[in-house]
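>>> Sharing a model prediction with you, sequence too.
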Amino acid sequence: MSEFTEKFDATGLNCPLPILRSKKVLSSMNSGDVLYVIATDSGSVKDFDAFCKQTGNELLDSSEADGKYHYYIKKA
Amino acid sequence: MSEKKLALIATKGTLDWAYPPFILASTAAAIGYEVQIFFTFYGLQLLKKDMNLKVSPLGNPGMPMPMGMDKWFPTIGTAIPGMEAMMSSMMKSKMKSKGVASVAELRELCQEADVKLIACQMTVDLFDMQPSEFIDGIDYAGAATFFEFAGESDVNLFI
């Protein structure tokens, strides 16, 4: 994954801030845009999955590397 | 997706118990729920402009204490003067270092997301509290008002 419209760095933030702040950024974006989120909260893996399932936004990719979690979310 | 509804009752006014209602409400709102929180009794502290919330080790054997104090420190010791203030400030700094949001921040996020905050009028009167002590943008109502929303909610929690 590399293409994205906006990037949000949630490094250091703990539950539920990565979700809440990402949601805020998504609100300012257009349908079809892709938000790239970087987080360090290990609980965010399941949370971003659940968030996307419930909001209709599409989780294009979710991965982990060197203790950081990367999410690509396509806005519904 | 039809809008779901979450109704919460917040009854506690300590630092630790301030988190569940505001975390659940703000997250539910982010997912698309319509949310109301009804604050009653000590929960009203969570609507104060100046919250100054505390957490107490007294009568709280589940609370982890620094340096393994919860293992060897006598229970009666949790009642010594200054203990509550010390634990509260330690808890706040620990939360900050772990990237946990402050209660005020979560409350603001709730208000931004149009979470409806309702103060129990009866308890406000009971404790002789003044509307000027509370943040702006809240409602004052009673149990019947809570049920108007709770009765058609998908999730109802008493905290």
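Good, I have the coordinates.
>>> What strand or helix carries A:Y72?
Here A:Y72 sits within strand A:68-74, counting by DSSP states H and E.
>>> Okay, now the sheet partners of that strand, with direction.
According to DSSP bridges, strand A:68-74 has the following sheet partners: strand A:34-39 (antiparallel), strand A:58-65 (antiparallel).
>>> Most tightly packed of those?
Greatest average neighbour count among the strands paired with strand A:68-74 goes to strand A:34-39 (a mean of 21), per mean count of other C-beta atoms under 10 Å in any protein chain shown. All C-beta spots, glycine's among them, are computed from the backbone N, C-alpha and C.
>>> and the angle from the helix or strand following that strand to strand A:58-65?
Remark: after strand A:34-39, the chain's next helix or strand is helix A:44-55, criterion DSSP H and E. Going by axes from the mean of the first three to the mean of the last three C-alpha atoms, to 10 degrees, helix A:44-55 is angled at 180 degrees with respect to strand A:58-65.
>>> list the helices and strands helix A:44-55 packs on?
helix A:17-27, strand A:58-65, strand A:68-74, helix B:15-31 (3 or more C-beta pairs under 8 Å, 6 or more residues apart in numbering or on different chains; DSSP states H and E).
>>> ok, the closest residue in space to A:S44 that isn't next to it in sequence - contacts?
Ranked by C-beta to C-beta, 6 or more residues apart in numbering or on different chains and with sequence neighbours excluded, the top spatial neighbour of A:S44 is A:P18, at 4.9 Å. Contact partners of A:P18, counting by C-beta atoms under 8 Å, 6 or more residues apart in numbering or on different chains, are A:A10, A:V37, A:A39, A:D41, A:S44, A:D47, A:F48.
>>> residues contacting the last one?
Contact criterion C-beta under 8 Å, 6+ apart gives A:P18, A:I19, A:S22, A:V37, A:L59, A:S62, A:Y71, A:I73 as the residues in contact with A:F48.
>>> so, if you compare these, which one comes nearest to chain B?
For these, the residue nearest chain B by C-beta to the nearest C-beta is A:I19; the value is 5.8 Å.
>>> Wait, the closest one touches A:S44, no?
Yes: between A:I19 and A:S44 there is a contact under C-beta atoms under 8 Å: 7.3 Å.
>>> how near is the residue most central in space within chain B to B:G68?
Note on chain B: the residue nearest the mean C-alpha position is B:A18, at 2.4 Å, using C-alpha atoms, centre = their mean. Using C-beta to C-beta, to the nearest Å, B:A18 is found at 26 Å from B:G68.
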